[in-house]
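Asks: Sequence and predicted structure below; questions after.
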Amino acid sequence: MTEIFYGGDYNPEQWPETVWHEDVKLMQEAGVNLVSVAIFAWSKLEPEEGRYDFGWLDRLLDLLHRHGVGVCLATATAAPPPWLARTYPQSLPVTAQGVRLGVGSRQQYSPSSPDYKRLAAKLVREIATRYKDHPALKLWHVNNEYGCHVSESFDDNSAQAFRVWLRERYGTVEALNEAWGTSFWSQAYGAWDEVTPPAAAPTFLNPTQQLDWRRFCSDALLSLYRMEREILRNITPGIPATTNFIGVHKPLDEWRWAQELDVVSNDAYPDPGAYDAGIYAAFQSDMMRSLKAGAPWILMEQAPNQVQWRARNSLKPPGVMRLWSLQAVARGARGVMFFQWRQSKAGAEKFHSAMVPHAGAEGRTWREVRDLGQELRQLGEVLKSRVQAEAAIVFDWETWWALELDARPSADVRYLEQVYSYYAALWHRNVTVDFVKPDADLSPYKLVLVPNLYLVKDEAAANLERYTEAGGTLALSFFSGIVDENDQVRLGGYPAPFRKLLGLSVEEFDALPVGVTHTVRGEQEFSADLWADVIALEGAEPLATFTEGFYARRPAVTQHSFGKGKSFYLGTRLDGAGMAWLLEKACQTAGVDTTTNLPEGVEAVRRVSDGAGYLTLLNHTDKSVQVELSEAATDLAQGETQVGELTLPPYGVTFLRLQQPAAGTAPTPVKGAKLD
Amino acid sequence: MTEIFYGGDYNPEQWPETVWHEDVKLMQEAGVNLVSVAIFAWSKLEPEEGRYDFGWLDRLLDLLHRHGVGVCLATATAAPPPWLARTYPQSLPVTAQGVRLGVGSRQQYSPSSPDYKRLAAKLVREIATRYKDHPALKLWHVNNEYGCHVSESFDDNSAQAFRVWLRERYGTVEALNEAWGTSFWSQAYGAWDEVTPPAAAPTFLNPTQQLDWRRFCSDALLSLYRMEREILRNITPGIPATTNFIGVHKPLDEWRWAQELDVVSNDAYPDPGAYDAGIYAAFQSDMMRSLKAGAPWILMEQAPNQVQWRARNSLKPPGVMRLWSLQAVARGARGVMFFQWRQSKAGAEKFHSAMVPHAGAEGRTWREVRDLGQELRQLGEVLKSRVQAEAAIVFDWETWWALELDARPSADVRYLEQVYSYYAALWHRNVTVDFVKPDADLSPYKLVLVPNLYLVKDEAAANLERYTEAGGTLALSFFSGIVDENDQVRLGGYPAPFRKLLGLSVEEFDALPVGVTHTVRGEQEFSADLWADVIALEGAEPLATFTEGFYARRPAVTQHSFGKGKSFYLGTRLDGAGMAWLLEKACQTAGVDTTTNLPEGVEAVRRVSDGAGYLTLLNHTDKSVQVELSEAATDLAQGETQVGELTLPPYGVTFLRLQQPAAGTAPTPVKGAKLD
Amino acid sequence: MTEIFYGGDYNPEQWPETVWHEDVKLMQEAGVNLVSVAIFAWSKLEPEEGRYDFGWLDRLLDLLHRHGVGVCLATATAAPPPWLARTYPQSLPVTAQGVRLGVGSRQQYSPSSPDYKRLAAKLVREIATRYKDHPALKLWHVNNEYGCHVSESFDDNSAQAFRVWLRERYGTVEALNEAWGTSFWSQAYGAWDEVTPPAAAPTFLNPTQQLDWRRFCSDALLSLYRMEREILRNITPGIPATTNFIGVHKPLDEWRWAQELDVVSNDAYPDPGAYDAGIYAAFQSDMMRSLKAGAPWILMEQAPNQVQWRARNSLKPPGVMRLWSLQAVARGARGVMFFQWRQSKAGAEKFHSAMVPHAGAEGRTWREVRDLGQELRQLGEVLKSRVQAEAAIVFDWETWWALELDARPSADVRYLEQVYSYYAALWHRNVTVDFVKPDADLSPYKLVLVPNLYLVKDEAAANLERYTEAGGTLALSFFSGIVDENDQVRLGGYPAPFRKLLGLSVEEFDALPVGVTHTVRGEQEFSADLWADVIALEGAEPLATFTEGFYARRPAVTQHSFGKGKSFYLGTRLDGAGMAWLLEKACQTAGVDTTTNLPEGVEAVRRVSDGAGYLTLLNHTDKSVQVELSEAATDLAQGETQVGELTLPPYGVTFLRLQQPAAGTAPTPVKGAKLD
């Protein structure tokens, strides 16, 4: 049976080799089967340019292998050593204000530095050549958290690379002028060398320049990944490669990136001090699964307990680390890894918790880590199944970038917040979703949600229309379909590409001042804020109307029959109750199963395989809860058959194999439940 | 009859020429008679250095002229093209932190760049020569919104120009040392080349250096205006020139600037989301009228509906655009113009509303624009009259600059806020005011208000004293008369130049902490905050006293008879009720008519001409209001005689010709009014 | 009898010499016997490089001497003249963002500039040589407020000096790598020239690098002081030297600095608008006294009334300046001086109050200054006695620096706030404290408080243990003993070096989110916030426990018997009532006298000499208070014998000589008191 990866970042270069021997024994005790090695070892592997020292790494890999621990081997390019900056100062990144960032932390390289690239490629080649046949090698860990600190650089090499990128995109300066709308504010370029990155300027920079800069910056980092991946693929064609994302991260267009990864991996650090951290963790997990269309992904990093980089770093209460780990597995992870194995005694991360704390292999954190490793061995069977989703949310990095540029109607419309508000409303109804690109095949889904799709390409607009016309249910929200891929307004009445689909037009949009709320009235009354569309109906029917301002009695929420399908439109931001109402209505229309008879904070996730169905129940509250099932089920960890009722302790999780195999579209078999 | 200018910025270079033909037809429909052209056209007019392309502009001006639309022709120097920065990087501006600002937005030139100046002058000469005889040419629009984004630059050319400016002002380094008080903190300069702009420094910079820098920066921009104006005057002596201010704008000493303009013009963008936007609009209008002693001015830009540059951009409700437009006319505007004619589809201003919206010539915004154009044709007669003001407020840019330097008793004394608080209190009493310079002839006014005249020159101090002595009524507030033109304290007890006039001295001034209020007691009790003078009476009598702190029972407000006149002094910041009380008292003393029998939010403005009197009534509320007149009047737009009562709908405006011609000092003929 | 110094900064270069003659007369009237001269006179003394002008200073010193005023002569190096920056631009300081700070304010020199050093040394030599025999010369005032604005510079000279400093500290790059833990994040240095100051970087910089930078920056400034002091000592071996601290100032390790000063002096500017300004003033005074183990210090600067550099600058009500002045004397000051003598009429400090205000020698400020000068002549006798303290608080700059680096469990644990919260709790009980270094001899103290001693060296940890074992009472708080001098975690369970002493270990520490409070229950219930230790008892007994979260019922406060002594541990931040409870308990355990029968806000300070005891009573409230003594005492200023009761008016102070000489450990003789 396939095993779930379990382990973490392992930085043995911070410890004497005597400690390594204790480490591997403890790894065995904790069921560790994979560790990420050498992520920050460049300065140890190549202490001066061209002189390599692999002896210690040879010994380490042998030791790990002897103890049954596989290796996710890093290419070590994430943090160049100080000598690189000293010899090649032009390799350092530069901020938009012109400040060159120096050594002493990490990631101090311009993504477009030829010197960095040459030296990184050479290092990767050395490492891959040396370890290509090592039996411990399971996975390549390319670089680390691309764009975490330096996602853009305004140095001369980057400016030059930007111009090359633009020339490839546009061919001629005239085409660039057209796309950027440079007839505005006398910005027309006469030659390529007049074009610059959007560095410090007197006021709002050209929006399309900024948007293309975002695209370029994502691609510039991606080209670094590709460079390393090509080297690795040539030398070790059988070993998969990944790089670890840091969640749903604005600087990287993860749809484009995921195509280049053999397996998606992610670093997830929800804030234990936030009330909805468990929901946000689910959100990230669903995105990671969706990036490669449902393929298993690896939770490459999480904290065993607290982190050190927030202003105030809360502990994870007992059980929460296990809860979030198993949630990841339920939502598609095939590996549960930590940062890091042994807690550093020096450096900027020494107060980041680790599997082995400062006090050694004792205490609560260690015990929870050890127990989880044992438990995961019982759960390998679920890797054969796949998460089941009837609904999808459209997500798009280009819309994210464009929607949050300056000089918009409201600076407070934040894309991720908006998408997440849809996600959370569905989570509370136990509706599992996939994320999809705007131009994805939507036919597998009964319901498609499209929050604030500000920028939309022709093909994507047509795709959404086709989906609905063919019988799909689609819900779209305000400030969608406004611009094309060049951030140029689609003329002809907002939202031009969706007027037919929605049966309405938006005559004006009001950005409500901070603190102002409007009452929206439909079947119930809800509170709304942030935004108000002034809607003219062109076939749609109102579901709720504004009650204040000059657009009182005009629609705030509408529905419309289109072809064989149905569309909903939301012209404002509703409060939580309003979102619950709207999404319940959309689910009902679409025939999407909602499970609302679990107590608030108890999560149900469904998976299916050819031969079985699975149900994971996760209790995110600090109270016990009783759940009554409507069919018999087997507890995977316990191996007992459950009938009728089961108890989830505070932060408890149960993995159940259902009697009814693959009941993909059957309702979740929960009859009822109550909190203690 | 003179026509009121109506139109807006027109940027046809953003559209294909086919659209131009639709534009001119719609302009005719909307009564447009003037458009501002070529403001951001440098890169189109001179796509590379020395190569000019005027063909499109020739066609455009001909087209406009054929359709009866006049042209306010821009000199196109506001936004240099990218090639200029590429060829002359030293022309780019530099921040106080040393950051050079690049291309991609607009206004990226150092005001002291010789290259920018040379190339701008050459362009202006080309344009003026080409169009000097074009029949559409009505007005020159020099540059655009000087100092909007770049009002200062710390580049080497600016440093050199600053030294030249200082040498002209002071003659010798010794005189500069004396004026700047450089014996403080070892700052004495031994030679001119040691003197620098007030760029980044370890702590508080020399205040006089900062003040002179402000003066220099205003003058540096003004010298750009003068350079262009001289070229235009030589080539087209009969065509007036303006440049558009952006309201009461700190970086430009508009008193000095206005002397150089043939006509004042202004861009006004009150925030529709602010409760007092209509009052602030009036404030700006009165300043624009005052800058050239009552001469008609042009509202060069306003938004037809929302803007895009605030964090949250509210709509203007129906009627509000008309309300504020007609208010400008009532307060002296001879033109009502917009930014812009056709809403951009690209660039940083595409979400700024326009006369023709993205949806085309339909919808509320377009209808309001079109209707206003028609209505304005009925109102040309008022241009023969002038606004009538019995009261004046002293306003001074040098005090503004000096008062808000660092290292003052309270950083929260903001000059514009203070002046505006006086203005607003009078607005609520329907007292129309002029603004005047401190050394202006004050004899036309019954009442002169002098808020916080921190910096005062000898001549100005004497002027205020003479005015009062001769029988005027003067109200002066705290922290006035403290320093001379070099920001050097006037010794001898505060406020040294006004002690005699006021009959008091100020022994100490207390800056109240944030959130602390004091009760002040006179005929009534008021709340006060921000500041408390410890006053010693030297002849004045107290009108109200403090009740808290060690200066309890000492005066907070005083009055004093001086010569044939009377002075008031306010030693703290009063709440709204306190300001209303004080200004009512001052108006009564001065014999200034106040009209307080209109409902809150209804504004009355009086104008007079040789043969007639006019009364404009403006309803700033969203409720209807009935007004009963005490004399018969004619509604200009309707042409009907009104007797007795008239109704102002929400945001409604009525222009009335009064029966009694030129009743300059008669009370406003409003008997009473009530809200519906 | 020794006189108390009285006077202030005197900047006669800002005034014509005619004013000097008025100055010296007024000084006599006010009892001034010492003035600080020439602090900002470099540009006047050396108007161009190498040309000196001492004539004016010759005349000034003679004039002062003739009028009985001594001189604290400055070395004039605090503010280099503009020519220095012009000739040696590399001497200017540079921020971490790379901005070079220019002229126009003051302190614009890099502490490591060879040019600045050479020219400063030359100037000092000139001054010392010229005035070494002048009879007015009493004290050298070296530079001024080192590090006030520029406590670090990132210029090339500083980088080079940092490397030299590191090489001296570590000897080899390998040792530096070990201390800094550079195996983390690939930061290992291969050569000295790769090492840089912690300037702008992509993310968290190496903590030990930052800590060493703090040490280096303090030392770099100290080396400037030493350079000047050596010159002065050679030329005028009999004249003591000082430099004025600006309170308990983070950038300077004042323990190290104080060793180099002949006498400690301080500039104290408590905010009159803060409710606890008088307590904070006491805190600073006690530190200044402690820096040289109880030796008299000089209050070198305070404001006669308001300052000008806060956002809002409150007045000192009548009596407060005297109150705080006499408090300084009670707590060890042998001089009470002001900034400044005559209020400037120009420059950035013209709104800073002075002994002679803008209005001249009249008004409240002047009268209070004059009267205090007279009163101080009566108090010289107290200089023979010393302040008596039974308790000590451990204070450590290196802990301060390390505790507040980034990437800690909570960014809101502020060292000074924490220490001050202990100080204030004792102040309210009238327990006078000394501050001590962690490795100081603690045997004189009954009670030692150790707030948040995050960084602790081996010797200091042993010192605290020895003290307790020998019978002392010690109270230590959370996040202590965590790291060694290299900011490397002391492994083996927190707080490793104190586990035995405290009888406990800390398994985890929770950083509470902003706004979250926990209830802690012991004899009473208290509120706690910010931090919660999860404590495992190893012999200690709980005094109070948490009641919330997963660590409910686990200890929050403990006590433990260790050897002959007792230790307390506080694992959270308690509210004021909790601190009062804990410190009362600690004082009782230690046998420290607390005086709690005075009204809130009335302070009692004890001093002893061989022959006498002194009690100063200070009323910090604006109400009168009656105090009943338990023994007869003499009022020093009045010369009358007090029996029974005395009255302190609002802000009143009484200096009493007690009948019982040197009753060092007797209770404070206050029987009772009440507010009017």
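Replies: Received the coordinates, thanks.
Asks: Kindly report the residues of the stretch 501-650 of chain A close to chain B.
Replies: Listed as neighbours of chain B in the stretch 501-650 of chain A under the rule Cβ under 8 Å from any Cβ of the partner chain: A:505, A:507-514, A:534, A:549-550. C-betas here are computed from N, CA, C, even on glycine.
Asks: run the last query once more with 7 Å
Replies: Proximity of the stretch 501-650 of chain A to chain B, by Cβ under 7 Å from any Cβ of the partner chain, involves residues A:507-508, A:510-514, A:550.
Asks: In chain A, which residue sits closest to chain B?
Replies: Of all residues in chain A, residue A:181 sits closest to chain B, at 2.5 Å by Cβ to the nearest Cβ.
Asks: gap between that residue and residue B:105?
Replies: 13 Å (Cβ to Cβ, to the nearest Å).
Asks: What about residue A:132, how many residues nearby?
Replies: Neighbourhood size, residue A:132 [other Cβ atoms under 10 Å in any protein chain shown]: 14.
Asks: State the number of residues packed around residue A:655.
Replies: Residue A:655: 25 neighbours (other Cβ under 10 Å).
Asks: who touches it in this structure?
Replies: A:379, A:382, A:614, A:616, A:635-637 (Cβ atoms under 7 Å, 6 or more residues apart in numbering or on different chains).
Asks: Looking at the residues you listed, which are in helices?
Replies: Nothing among the contacts of residue A:655 maps onto helices, per DSSP state H.
Asks: hang on, the earlier thing: and for the residue of chain A closest to chain B, nearest residue in space, chain neighbours not counted?
Replies: For residue A:181, ignoring the flanking residues on the chain, the nearest one in space by Cβ to Cβ, 6 or more residues apart in numbering or on different chains is residue B:346 at 2.5 Å.
Asks: what about that neighbour, which SS state?
Replies: The three-state label given to residue B:346 by DSSP: H, G, I helix; E, B strand; the rest coil is coil.
Asks: from chain A, which residue is nearest to chain C?
Replies: residue A:346 (2.4 Å).
Asks: Quick check: that residue touching residue C:488?
Replies: Yes. Counting by Cβ atoms under 7 Å, residue A:346 touches residue C:488, with 4.6 Å between them.
Asks: Break chain A down into its structural domains.
Replies: Domain ranges of chain A: A:5-151+A:221-381, A:156-209, A:391-590, A:602-675, per automatic domain parsing.
Asks: Let's have these in JSON lines, adding mean pLDDT and distance to residue C:582.
Replies: Shown next, in JSON lines, are those (pLDDT from 0 to 100; distance: least, Cβ to Cβ, whole Å):
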{"stretch": "domain A:5-151+A:221-381", "mean pLDDT": "98", "distance to residue C:582": "23"}
{"stretch": "domain A:156-209", "mean pLDDT": "98", "distance to residue C:582": "52"}
{"stretch": "domain A:391-590", "mean pLDDT": "98", "distance to residue C:582": "42"}
{"stretch": "domain A:602-675", "mean pLDDT": "86", "distance to residue C:582": "30"}
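Asks: Now for residue A:53: which residues touch it?
Replies: Counting by Cβ under 7 Å, 6+ apart, residue A:53 has contacts A:44-45, A:47.
Asks: and the residue of chain A closest to chain B, how many neighbours does it have?
Replies: By other Cβ under 10 Å, neighbour count at residue A:181 equals 25.
Asks: Then residue A:311?
Replies: 12.
Asks: Once you drop chain neighbours, what's closest to it?
Replies: Per Cβ to Cβ, 6+ apart, closest to residue A:311 is residue C:411, 4.5 Å.
Asks: which phi and psi does that neighbour have?
Replies: The phi and psi torsions at residue C:411 (degrees, to the nearest 10) take the values phi -70, psi -10.
Asks: Repeat that for the one 3 residues further on.
Replies: Torsion angles at residue C:414 (phi, psi; degrees, to the nearest 10) stand at phi -110, psi 130.
Asks: And it, how close does it get to residue C:401?
Replies: From residue C:414 to residue C:401 the distance is 12 Å (Cβ to Cβ).
Asks: more neighbours, the two?
Replies: residue C:401 (25 against 15).
Asks: quick one, what contacts the more buried one?
Replies: By Cβ under 7 Å, 6+ apart, the neighbours of residue C:401 are C:211, C:214.
Asks: Then residue A:331?
Replies: Neighbouring residues of residue A:331 by Cβ under 7 Å, 6+ apart: A:282, A:285-286, A:289, A:387, A:605.
Asks: just residue A:13 next, same as before
Replies: Residue A:13 neighbours (Cβ under 7 Å, 6+ apart): A:41, A:44, C:183.
Asks: Could you look up the SS state of it?
Replies: Residue A:13 is classified as helix under three-state DSSP.
Asks: can you check the one 5 residues further on too?
Replies: For residue A:18, the assignment made with three-state DSSP gives helix.
Asks: give the contact list for the most centrally placed residue in chain A.
Replies: With distances taken as Cα atoms, centre = their mean, chain A has residue A:248 as the residue nearest its mean C-alpha position (2.8 Å). Applying Cβ under 7 Å, 6+ apart, we find residue A:248 in contact with A:284, A:287, A:416.
Asks: could you redo the last one with a cut-off of 6 Å?
Replies: residue A:287 (Cβ atoms under 6 Å, 6 or more residues apart in numbering or on different chains).
Asks: Confirm that it sits in a strand.
Replies: No. Under three-state DSSP, residue A:248 falls outside any strand and is assigned coil.
Asks: Now do the helices in the stretch 51-200 of chain A.
Replies: A:55-66, A:82-87, A:114-131, A:156-170, A:173-180 (DSSP state H, counting those that start in this stretch).
Asks: Can you give me the buried ones in the third one?
Replies: For helix A:114-131, the neighbour count (16 or more other Cβ atoms under 10 Å in any protein chain shown) marks A:115-117, A:119-121, A:123-128, A:130-131 as buried.
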